[in-house]
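Undergrad: Sequence and computational prediction follow.
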Amino acid sequence: MQYEYENYDPSFLDQPVVDQYLPVWARLPAFRSKPAFIWAQELDSYTHLTYQQLNDSAETISTHLLVPLQRGDTVLLLCSPGLDLVKLIFGSQRAGLLSVPIIPPHPSFANENYHHLIRAISQTKPKAAIAHPHYISSIQHYLSTPHNNNNLAHMLQTILWISIDDIKNHDSLNNNNHESLTYKGCKANEVYLVQYTSGATGVPKPVLVTAGSAAHNVRTARKAYDLHPNTTIVSWLPQYHDCGLMFLLLTIVSGATCVLTSPTSFIKRPRLWLELMSQFKATCTPVPSFTLPLVLKRGETHKGNSPINLSTLKNLIIINEPIYRDSVEEFVHTFSSFGLNPSSISPSYGLAENCTFVSTAWRKSNSNTDFPTHNKLLPVARLGNEEQEDVEIMVVNEETHEPNEDGFEGEIWVSSPSNASGYLGHPGLTREVFHGRLRNMVSKCFVRTGDTGIVKGEKRYLFVTGRCEDVIKLQNGKRVHPHYIETAAYNSCTKLLRGGCVVAFEVSSTTVVVVAEMQRIEKDSIDRDVLKRVCQGIKEGVLKKEKVEVGWVVLVKSECVPKTTSGKLQRWMVKEKLLAGKMITLMEMRFGKDVNVLGKSREKRVREERIGNTGYSVLCAETRTSLLSLL
């Protein structure tokens with residue numbers, strides 16, 4: 001079908017697969033030279049990719065990939081963030097391949113940075129891996145030199161390595177003559193993507209996403225945020241999964257322009273995010289909740305030659321629960337003088353098991369900053385909203401599987417055409433998570449999110465309160481979410497502790513542990529009396545604010561607390577590393593009864609001194625810093 005007019009609105013004729021929007025836009029004169037994506041490594045250094053160029057690249061890549069590969073084969077996408085990765089994502093879909101985009105580990109494979117690569121290869125069994133030529137050369141060099149990891153080497157040798165340069169730049173194809181009335185890429189009911197979960201509550205799991213589920217997901221998000229061809233998105237999120245990947249698809253569905261930069265560039269210089277929004281007149285930007293306090297602290301608002309102007313922003317999409325009202329209000333207060341409109345704040349909710357997007361708290365402008373609040377949190381949805389009629393969200397009792405009444409906390413369940421198909425290679429877990437059924441009711445299948453939530457008020461706002469796996473159960477029967485303890489612990493000493501790098505969990509079902517990163521300090525400058533006061537301050541601060549007794553406080557070196565690439569704390573991994581003695585511990589204090597959970601390997605490393613009924617120790621053990629530990 002030909003579209004002869006330039007004001008074509010995809011909302012009037014949705015496509016079953018996201019890639020099928022590309023030829024529609026590329027045929028329109030107004031879109032042929034319009035940038036779909038702009039890559040900005042820095043403010044004064046950027047390249048762009050037009051809709052016609054992306055469509056041509058998708059056709060070229062798909063044609064050349066189907067020479068060594070067959071439709072339905074699995075391929076690893078091991079490209080660093082940038083426009084090449086964007087081309088590969090759409091080219092693989094058009095070739096009918098199953099894509100597995102993951103962060104490429106450093107090819108030296110030192111410091112145990114290759115575990116996720118091994119996991120992806122062993123679970124998805126790819127026929128090929130696509131990477132930049134210099135990365136492939138490094139892999140070949142690794143395989144040709146002595147190494148200690150024969151398992152990894154064998155995996156790398158069994159994969160066909162394809163250079164992105166060999167498949168993206170072929171002028172011999174006249175793509176305009178190769179269009180067919182029949183779309184030969186991934187069909188709506190076919191799995192086209194393996195998207196790994198973030199790893200916030202356990203080892204990352206491979207989620208199977210169909211092309212149709214992904215298309216429904218981004219169409220739902222497009223409607224929720226009112227995105228259209230005049231939308232300009234700025235995103236520094238990782239492009240491999242979750243929200244970062246979804247916004248690539250969302251850009252194409254909306255006919256918008258998306259300005260991309262890397263997470264590393266943002267972490268190195270948070271002001272870059274503000275500058276890109278100002279220069280490109282951004283109307284939409286998605287960020288994890290930790291972004292706001294980070295930019296307030298390190299954004300260098302009044303420095304730099306480029307002025308900050310956020311007056312065009314219509315959607316400041318905040319993801320990653322918990323979303324605290326205070327930090328949002330502080331950000332709005334600070335940046336209102338730079339044109340930020342409070343109505344742009346869009347607290348949202350999503351997870352990989354639902355492709356990504358689930359909901360946002362409001363779809364129309366909020367006229368003021370009087371945000372509804374529950375226990376310091378902002379809502380992420382309004383239930384029963386007629387604008388999202390094919391998506392059902394419920395709060396369910398974890399034990400009885402019966403719907404909870406409003407005002408009672410339970411597990412969030414989601415039923416939507418966006419629901420993914422399951423976990424690759426985990427049939428039992430797939431049945432448990434993706435086939436939730438309400439007890440004694442004839443109902444559709446729900447995805448059990450593993451998140452806890454509560455519905456409050458006449459407008460039935462949904463608040464995500466935490467995660468089922470992370471809930472701390474106290475001896476008195478009280479249940480508390482660790483983020484409240486972590487916030488109180490950080491607020492007890494904001495000058496010395498690192499914001500967003502404090503973790504709370506329980507051990508032995510009786511003791512609450514707080515692990516907190518210190519600001520960067522030299523080893524020789526550690527004042528033990530100061531560290532002792534910080535530990536005691538954490539205990540007292542948590543008791544005062546949350547009425548919770550902390551039995552063990554551990555201060556660790558900066559960058560020791562592992563996080564996901566989207567900034568979620570990996571509490572389970574912190575617990576494992578601490579008990580295994582794999583964190584650089586500056587000081588620890590134990591209060592009350594001894595905490596008998598130290599492993600033998602840890603006991604050998606600890607030199608302990610006793611003061612009354614309080615123990616403390618100083619320890620410097622080896623640890624592994626995560627790739628993007630600042631996220």
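TA: Arrived safely. Residues are numbered from 1 along each chain as shown.
Undergrad: make it CA atoms for all contacts and neighbour counts henceforth
TA: OK.
Undergrad: show me the contacts for residue 245.
TA: Residue 245 sits next to 238-239 when contact means C-alpha atoms under 8 Å, 6 or more residues apart in numbering.
Undergrad: Near the residue nearest to residue 125 when sequence neighbours are not counted, how many other residues are there?
TA: The shortest distance from residue 125 to any non-neighbouring residue, by C-alpha to C-alpha, 6 or more residues apart in numbering, is to residue 74 (7.1 Å). Using other C-alpha atoms under 10 Å, residue 74 has 23 neighbouring residues.
Undergrad: Is residue 74 bridged to anything, and to what?
TA: Beta-bridge partners of residue 74, counted by DSSP bridges, are residue 98.
Undergrad: ok, now which ones touch it?
TA: Contacts of residue 74 by C-alpha under 8 Å, 6+ apart are 97-100, 124-128.
Undergrad: From residue 21, how far out is it?
TA: Distance from residue 74 to residue 21, counting by C-alpha to C-alpha, to the nearest Å: 23 Å.
Undergrad: Where does pLDDT dip in the stretch 151-300 of the chain?
TA: 170-181 (pLDDT under 70).
Undergrad: Number of residues surrounding the nearest residue to residue 242 once chain neighbours are set aside?
TA: Once flanking residues are discounted, residue 242 sits nearest to residue 356: 5.4 Å by C-alpha to C-alpha, 6+ apart. Per other C-alpha under 10 Å, the neighbour tally for residue 356 reads 25.
Undergrad: Check which element follows the lengthiest helix in the chain along the chain.
TA: If you go by DSSP state H, the chain has its longest helix at helix 528-546. For helix 528-546, the succeeding helix or strand toward the C-terminus, using DSSP states H and E, is strand 552-556.
Undergrad: And that next one, what does it pack against?
TA: Other helices and strands packing on strand 552-556, by 3 or more C-alpha pairs under 8 Å, 6 or more residues apart in numbering; DSSP states H and E, are strand 511-518, helix 528-546, strand 585-590.
Undergrad: Sketch out the low-pLDDT regions of this structure for me.
TA: Scanning the chain with the threshold set as pLDDT under 70 gives 1-12, 170-181, 363-369, 385-388, 521-526, 593-631.
Undergrad: any idea how far the residue nearest the centre of it lies from residue 267?
TA: By C-alpha atoms, centre = their mean, the mean C-alpha position of the chain lies nearest to residue 566, the distance being 3.5 Å. As judged by C-alpha to C-alpha, residue 566 and residue 267 stand 12 Å apart.
Undergrad: Residue 485 too?
TA: 26 Å.
Undergrad: what's the burial count for residue 221?
TA: Number of residues near residue 221 (other C-alpha under 10 Å) recorded here: 23.
Undergrad: thought it was touching residue 357?
TA: Yes. Judged on C-alpha atoms under 8 Å, residue 221 makes contact with residue 357 at a distance of 6.5 Å.
Undergrad: ok so, going back, of residue 485 and residue 267, give the one with the bigger neighbour count.
TA: residue 485 (30 against 20).
Undergrad: Next, show the common contact partners of residue 221 and residue 357.
TA: Counting by C-alpha under 8 Å, 6+ apart, nothing touches both residue 221 and residue 357.
Undergrad: Using CSV, write out the CA atom coordinates for the helix or strand hosting residue 61.
TA: Element membership for residue 61, per DSSP H and E: helix 51-65. The C-alpha trace of helix 51-65 is given here as CSV (Å, rounded to 0.1, in the frame of the first residue of the first chain):
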residue,chain,number,x,y,z
TYR,A,51,14.6,7.3,8.3
GLN,A,52,15.5,6.4,4.7
GLN,A,53,19.1,5.6,5.7
LEU,A,54,17.8,3.3,8.6
ASN,A,55,15.3,1.6,6.3
ASP,A,56,18.0,1.0,3.6
SER,A,57,20.5,-0.2,6.3
ALA,A,58,17.9,-2.7,7.6
GLU,A,59,17.3,-4.0,4.1
THR,A,60,21.0,-4.3,3.4
ILE,A,61,21.9,-5.9,6.7
SER,A,62,19.1,-8.4,6.5
THR,A,63,20.0,-9.4,2.9
HIS,A,64,23.7,-10.1,3.8
LEU,A,65,22.9,-11.8,7.1
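Undergrad: packing partners for that helix?
TA: When contacts are defined as 3+ C-alpha pairs under 8 Å, 6+ apart, helix 51-65 sits against helix 21-27, helix 29-32, strand 35-42, helix 83-94, helix 164-168.
Undergrad: count of neighbours near the closest residue to residue 475 other than its chain neighbours?
TA: Leaving out its chain neighbours, the residue that sits closest to residue 475 by C-alpha to C-alpha, 6+ apart is residue 510, at 6.3 Å. Residue 510 has 13 neighbours, counted by other C-alpha under 10 Å.
Undergrad: the strands in the stretch 101-250 of the chain, which residues?
TA: Secondary structure of the stretch 101-250 of the chain, counting by DSSP state E, counting those that start in this stretch: strands at 128-131, 160-163, 191-196, 206-210, 232-235.
Undergrad: so can I have CSV of the ones you listed showing distance to residue 311?
TA: As requested, the strands of the stretch 101-250 of the chain are arranged in CSV below (distance: least, C-alpha to C-alpha, whole Å):
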stretch, distance to residue 311
strand 128-131, 39
strand 160-163, 42
strand 191-196, 35
strand 206-210, 36
strand 232-235, 13
